[in-house]
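**Student:** Give the three-dimensional model of this entry:
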Amino acid sequence: PISSPALLGLLLTLGVTTGCGDDSGADADAETGTTSADGESGTSTGDGDGDGDAQSPPQDGLAFWLDASDIDADSSTPNPVLGEKAAAWTDKIGGLTVEQSDESLQPTMGLLDGTEAPAVLFSGTPLVATGVSGAWMSNDQGSAVVIFSPDPSVSSEGYGFSVAGTGDAHLSTGIVFADQGVGFATQFVAEPGGTIDNNPYYYHRGSAQGTPRQFHSAITTTDGTLWEFFLDGIGEPNPGTLDGQNGGEWFGDISDPSVMVVGHEAQDGGVSGEDWHFTGFIAEVLIYDQVLSQDERDAIDVYVAAKY
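**Tutor:** Next up is the predicted model:
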């Protein structure tokens, strides 16, 4: 729901419909299932000024982007149809691919709850990349955005996006702690000498387990000293914790980050043996190599409202 007058004004300026009025001029995009206000198919990649627009997220500092509406990061090829297996998902910025060779463990294509936009349905079906590297993985500050819709019938812990390094060290976000009544969590685990540090901090105002099911945009941002959390554009002034301190750790704080998993917790070498798989839809994962400003977070809200 759009509750901010400033955001509503920006949406109207951009010509984005908010559920009222006539939007009959929008035509469906044959590949992605999304629509554009001028009737043209496809998704804009932005103008490069970092501001984003109604059809693209902010571009400044965008280092990694999984987008289910263009799952192979090639706009010239069709997306998998609904119900088809999604064996791989490719980053639109650097070309990094998470995949699953075991067909029985492959997630499927679907539609994000309450929308006509493509999303990947996970249920014990992780996509994995090993031996990965990227400049953003060495950063000690940045931001992560996960657009997702968890299954409200699941009452266990589920990890949306996770990067791991040596041992059990990992940074994960888009985590749903349904049994804690938590909206979403970001977790940093480092185990020097077998001790766990900063495990985990979370946004707890409301719950990401919507009834009826609905999608959410979860943002974690850090300047290297403190995490900040935003769910659907609303900040959490008093994030909760299950253990540890809010030290604002980021991917660069992981020892030798090299494993990436979508739909489950990562660990050194691959997927964690714990049954902490994400159940539900994930539409996008965006990683920025900088702290997102208020204007940039507002631009993401505009993008999400327009696309979904």
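
**Student:** just the helices in the stretch 151-300 of the chain please.
**Tutor:** Ranges of helices within the stretch 151-300 of the chain are 294-307, based on DSSP state H, counting those that start in this stretch.

**Student:** pLDDT below threshold where in it?
**Tutor:** 178-183, 190-201, 203-213 (pLDDT under 70).

**Student:** Show me what the mean pLDDT comes to for the host helix or strand of Ala63.
**Tutor:** Using DSSP states H and E, the secondary-structure element containing Ala63 is strand 62-67. The average pLDDT within strand 62-67 is 98.

**Student:** Report the distance from that strand to the chain centre.
**Tutor:** On the basis of C-alpha atoms, centre = their mean, to the nearest Å, strand 62-67 sits 9 Å off its chain's mean C-alpha point.

**Student:** do the same with stretch 142-158
**Tutor:** How far stretch 142-158 lies from its chain's middle: 8 Å, per C-alpha atoms, centre = their mean.

**Student:** Export only the CA atoms of stretch 227-241, formatted as CSV.
**Tutor:** Taking C-alpha atoms only, stretch 227-241 is exported to CSV below (Å, rounded to 0.1, in the frame of the first residue of the first chain):
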residue,chain,number,x,y,z
TRP,A,227,22.6,-2.3,10.1
GLU,A,228,19.4,-0.5,9.2
PHE,A,229,16.2,-2.3,8.1
PHE,A,230,13.3,-1.2,5.9
LEU,A,231,10.3,-3.3,5.1
ASP,A,232,7.9,-2.0,2.3
GLY,A,233,9.5,1.4,2.7
ILE,A,234,9.0,1.6,6.5
GLY,A,235,12.1,1.7,8.7
GLU,A,236,12.6,-0.3,11.9
PRO,A,237,14.0,2.0,14.6
ASN,A,238,14.4,-0.8,17.2
PRO,A,239,15.5,-4.0,15.4
GLY,A,240,15.4,-7.1,17.5
THR,A,241,18.1,-9.7,18.0
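
**Student:** List the buried residues for that stretch?
**Tutor:** Trp227, Glu228, Phe229, Phe230, Leu231, Asp232, Gly233, Glu236, Pro239, Gly240 (16 or more other C-beta atoms under 10 Å). All C-beta atoms are positioned from the backbone trio N, CA, C, and that covers glycine.

**Student:** so the fourth one bridges to which residues?
**Tutor:** Okay, so that is Phe230. Ile219, Gly235 (DSSP bridges).

**Student:** Tell me the bridge partners for Thr130.
**Tutor:** Under the criterion used here (DSSP bridges), Thr130 is bridged to Val259.

**Student:** Name all residues that make contact with it.
**Tutor:** If you count contacts by C-beta atoms under 8 Å, 6 or more residues apart in numbering, Thr130 has them with Ser258, Val259, Gly269, Gly270.

**Student:** any idea how far the third one lies from Ser104?
**Tutor:** Computed as C-beta to C-beta, to the nearest Å, the Gly269 to Ser104 distance reads 21 Å.

**Student:** Those two - which one has more neighbours?
**Tutor:** Using other C-beta atoms under 10 Å, the more surrounded residue of Gly269 and Ser104 is Gly269, with 11 against 8.

**Student:** Let me know how buried the closest residue to the more buried one other than its chain neighbours is, in neighbour terms.
**Tutor:** Residue nearest to Gly269 in three dimensions, not counting chain neighbours: Val259, with 6.7 Å by C-beta to C-beta, 6 or more residues apart in numbering. Using other C-beta under 10 Å, Val259 has 24 neighbouring residues.

**Student:** and if you look at the one 4 residues further on?
**Tutor:** The number of residues packed around Gly263, counting by other C-beta under 10 Å, is 30.

**Student:** now Asp295
**Tutor:** Asp295, neighbours per other C-beta under 10 Å, totals 12.

**Student:** Relative to Pro58, how far out is it?
**Tutor:** Per C-beta to C-beta, Asp295 is found 8 Å from Pro58.

**Student:** Going along the chain, name the strands of the stretch 201-308 of the chain.
**Tutor:** 201-203, 216-222, 227-231, 234-235, 240-241, 259-262, 266-267, 270-271, 279-288 (DSSP state E, counting those that start in this stretch).

**Student:** Could you dump the ones you listed into JSON lines and include distance to Val81?
**Tutor:** JSON lines is the format used below for the strands of the stretch 201-308 of the chain (distance: least, C-beta to C-beta, whole Å):
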{"stretch": "strand 201-203", "distance to Val81": "34"}
{"stretch": "strand 216-222", "distance to Val81": "25"}
{"stretch": "strand 227-231", "distance to Val81": "31"}
{"stretch": "strand 234-235", "distance to Val81": "35"}
{"stretch": "strand 240-241", "distance to Val81": "41"}
{"stretch": "strand 259-262", "distance to Val81": "20"}
{"stretch": "strand 266-267", "distance to Val81": "29"}
{"stretch": "strand 270-271", "distance to Val81": "27"}
{"stretch": "strand 279-288", "distance to Val81": "16"}
